[in-house]
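Q: Whatever this is, show me its structure:
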Amino acid sequence: MSETVNSSGDQPDPSLHGKIQAVIEELESVLAYREEHGTKSQCAQAISEIESAIATLNYHQAALSNQLEIDVVQSNSEKNPGSKAQGQLNRGAASAVALARRSDPHGFQTYLENCRILFQSTPHLAAAFSRGEFTEAQIRAILTPLHSVKEERRTEFDDFFAKNPKMFENLGNRKISDAVYDFTLTYASDQQCKEQKSAEEKRFVKFTPNSRTGMMRVNGSIPISAGMAMKNDMKATARSIKAKGDSRTRAQIEADYFSSFCTNSEAKIPLTLTLGLIMTDKTLFLGDRNPAHLEGYGVIAPQYARELVAGQEIMNNMTLADMAATRSPAFVETLEATVELIRLYTAPGDKELIAMDSKARIFPEKMKKFVKIRDRHCRTPFCDGTIEEIDHVTQAYLGGHTCVINSDGRCKLCNQAKETPGWQEFVLKSGPHSMLINTGMGIRYRSTAPPATGFAHKPYPQHMSEADWVSTFEEWLNRPPDTGSSPPGIEDIPA
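A: The predicted structure is shown next:
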C-alpha cells in the first residue's frame, strides 16, 4: 500500500486545482442529462468530443513533461557541470513523470524522447495534438518511428504533414506507425538491411518441453520471407479446413498443421509457399530508395526487396560484380521451402494498384487476394485487425457489383457490424480507393486504402510527372536504330 505525500516546500497550486475541478464539475452537469436521456446520435457525438478533450489534456501533459525534463536537465547540469550525457542529465525525469501519471516508469524514457521530438522538431504535429486531432496512442505511433532519423528529417516529415493534414485520417495505430516507418526507411534503409542480415545469421528454432502440461513450446527466429510464407500458408489452410465444418478452432488447426510437417509421412515437403511483394518500377529497376511492401508484414527496405526478387543476397560491402558471382545461402536449412514471389507492380510513377472485375456475386479467389493486398488491414476506421472476409461495400442485394471498386477487406467483427440497421457504406472514388461509412448514429467516417507504395497518396499531377520517364523510354525504344541517342537514365527522372 502507498500514498502520495506532497513535500512541505512544494504544495499543489490551489488556483490550478480549483480551475480544473470547476471544469470537471461543469462537464459533469452537461453530460448528466445525455447519460440519462440522450439519443444514440447525441451519445456517440459526446463520446467523440470527450475523446478529443482527453487528447488535448494529454497534449498538455506532454508539454508539462517536456518542461519538467528541461528543468531536471538544468538542475543536474548545475550540480554536475562536467556531465554531458543525456542519460545522466535527465536522470530522474522519467520516474518523476511516471509517478505523477500513476504509471509504471518502464517506457517513460521513450515517452520523454517523444516529447522532445514533438516540441523541438514537429510543431505542426504538436498543434494538431493540442486540438485533440490525435489521441495519445496515435501521436506515440507517429513519433516513435522518427527516433531513427535525424532532426532535419523529422522537420521534413512535419512539413509534409502540414501540407497533407488528412494523411492519418481515421487510421489505426498500426497503420499510422507503418506510414511513418515507410518514410524513415527512405533514409535509414541501409542500416535496416545491416540489421536484417545480422539477425539472419542468428536464426534458430528452440523446443522447450513442459512436463507439467505435457506440451512442447516452440519458438525461434527465421527470415521474413520464409516466416511470412509459412504464416500465410498455415492461416489459409486453417481457414479452408474450418470452412468445411471442422470442430477444432483455427488456432488448433494451425498447431496441428505445423506439427504434421514432421509427424505425418503424407505431409507435402518441400512446400511451395507464396508471398506478395509490392514495389515501384523505380525501386526494382533503378535502385530507388522507396521502400517496398511485403504482404502480411509491412514495409521493408528497398535493397532487401530487390534481394527477394533476384533470389540473391547483396552483402553490405559487395560490388555489383561480386553480387553477380555469388549465390545467397539457404535461409533455413532444416525446412525445404520454395518461396514463390508474386511481384505486383504499380503503374509507372503511380502509387495505386490496378483493378479487376467479375460478373459473379461471389468474389473469385484472385480478386480476394487482390483486395487483401490493396487494403492490408481491416478497412473500418481505427481498426488494425487482420482481413478475414472480403465483402461488397454496397451489398449485392442492393445492386452492388462484384468488382474491386465495390469491395473491401474486413475483420469478422467489423463485417458483422456493417449489417446493423441504418448502417450505410458508399464508394467515393476508385483511386485511391475511398469509401464513406455512415453508422446511422450521426457520425460519418471516410476510409481510404493505403498507398501501394510510399507513406502517403500523391496528387494526380504528381503521378503524371513521375510517369514521364517511362514515356521517354518507350519513345527511345521505338526510334530507328543507329540514331546516336542513348536511353534515358536516372538523371532524366523527375525528383
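
Q: now residue 24, what's its secondary structure?
A: Three-state call for residue 24 (DSSP: H, G, I helix; E, B strand; the rest coil): helix.

Q: In which helix or strand does the nearest residue in space to residue 241 that is not next to it in sequence reside?
A: Once flanking residues are discounted, residue 241 sits nearest to residue 253: 5.2 Å by Cβ to Cβ, 6 or more residues apart in numbering. Quick note: C-beta positions are derived from backbone N, CA and C, even for glycine. Assigning secondary structure by DSSP states H and E places residue 253 in helix 250-263.

Q: quick revisit: pretty sure the residue nearest to residue 241 sits against residue 244.
A: No - using Cβ atoms under 8 Å, residue 253 is not in contact with residue 244, being 10.6 Å away.

Q: Look at these two and report which has more neighbours.
A: Using other Cβ atoms under 10 Å, the more surrounded residue of residue 253 and residue 244 is residue 253, with 20 against 6.

Q: Now do that one against residue 238, distance only.
A: 4 Å (Cβ to Cβ, to the nearest Å).

Q: With residue 43 instead?
A: For residue 43, the distance to residue 238 - Cβ to Cβ - is 39 Å.

Q: Tell me the helices and strands packed up against the longest helix along the chain.
A: Identified as the longest helix of the chain according to DSSP state H is helix 40-79. Judged by 3 or more Cβ pairs under 8 Å, 6 or more residues apart in numbering; DSSP states H and E, helix 40-79 is in contact with helix 14-37, helix 86-89, helix 93-100, helix 108-120, helix 123-130, helix 136-143.

Q: domains of this structure?
A: What automatic domain parsing lists as the domains of the chain is 50-197, 204-345, 365-448, 460-492.

Q: next one: the longest one to chain centre, how far?
A: Translated: domain 50-197. Distance of domain 50-197 from the chain centroid (Cα atoms, centre = their mean, to the nearest Å) equals 17 Å.

Q: mind checking the SS state of the closest residue to residue 363 other than its chain neighbours?
A: Leaving aside its chain neighbours, residue 363 sits nearest to residue 390 (5.1 Å; criterion: Cβ to Cβ, 6+ apart). The three-state assignment at residue 390 reads strand, by three-state DSSP.

Q: Residue 390: neighbour count?
A: When counting by other Cβ under 10 Å, one arrives at 21 neighbours for residue 390.

Q: what about the chain, any weak spots by pLDDT?
A: For the chain, applying pLDDT under 70 flags the ranges 1-13, 82-87, 188-194, 196-197, 261-275, 281-282, 284-287, 309-362, 458-495.

Q: where along this protein do the strands fall?
A: 204-210, 215-221, 271-279, 292-294, 298-300, 337-345, 389-392, 407-410, 424-430, 433-438, 444-448 (DSSP state E).

Q: Tell me which other helices or strands the last one touches.
A: Applying 3+ Cβ pairs under 8 Å, 6+ apart, one finds that strand 444-448 contacts strand 433-438.

Q: Name every strand pairing with the strand it packs on and say which way it goes.
A: In the sheet, strand 433-438 lines up against strand 424-430 (antiparallel), strand 444-448 (antiparallel) (DSSP bridges).

Q: Quickly list what residue 424 is bridged to.
A: Applying DSSP bridges, one finds that residue 424 bridges with residue 438.

Q: Nearest to residue 137, out of the strands paired with strand 433-438?
A: strand 444-448 (17.9 Å; Cβ to Cβ).

Q: For the closest one, which outside residues touch it?
A: 169-170, 379-381, 408, 428, 432-439, 457 (Cβ atoms under 8 Å, 6 or more residues apart in numbering).

Q: which residues touch the residue nearest to residue 241?
A: Contacts of residue 253 (Cβ under 8 Å, 6+ apart): 237, 238, 241, 242, 246.

Q: now do residue 181
A: Contacts of residue 181 (Cβ under 8 Å, 6+ apart): 145, 298, 299.

Q: picking up where we left off before, neighbour count winner among residue 43 and residue 238?
A: A direct count of neighbours by other Cβ under 10 Å for residue 43 and residue 238 places residue 238 higher, at 22 against 15.

Q: What's the separation between that one and residue 142?
A: 34 Å.

Q: Next: residue 186.
A: Distance of residue 186 to residue 142, given as Cβ to Cβ: 16 Å.

Q: Compare these two (neighbour count), which wins?
A: More crowded of residue 186 and residue 142, by other Cβ under 10 Å: residue 142, with 25 against 17.

Q: Isn't that one up against residue 125?
A: Yes - Residue 142 lies in contact with residue 125 (Cβ under 8 Å); the separation is 6.4 Å.

Q: before we move on, back to that, list just the one of the strands of the chain that sits closest to residue 115.
A: So among these, strand 298-300 is nearest, using Cβ to Cβ, at 25.8 Å.

Q: what's next to that closest one, contact-wise?
A: 178, 181, 182, 185, 224, 291, 292, 293, 294.

Q: Could you work out the most separated pair of these?
A: Once Cβ to Cβ is applied, these give 182 and 224 as the farthest pair, at 15.7 Å.

Q: Those two: who's more crowded?
A: Using other Cβ under 10 Å as the criterion, residue 182 and residue 224 rank with residue 182 on top: 23 against 19.

Q: dump the residue contacts of that one.
A: 291, 299, 454, 455.

Q: what's the answer for residue 136, then?
A: 55, 58, 62.

Q: next one: residue 141
A: By Cβ under 8 Å, 6+ apart, residue 141 lies in contact with 173, 174, 176, 177, 180.

Q: Who's the closest spatial neighbour of the last one, skipping the chain neighbours?
A: What sits nearest to residue 180 in space, not counting adjacent residues and going by Cβ to Cβ, 6+ apart, is residue 145, at 4.3 Å.

Q: got it, and the second one?
A: In space, and not counting its chain neighbours, residue 174 is closest to residue 384: 3.9 Å by Cβ to Cβ, 6+ apart.
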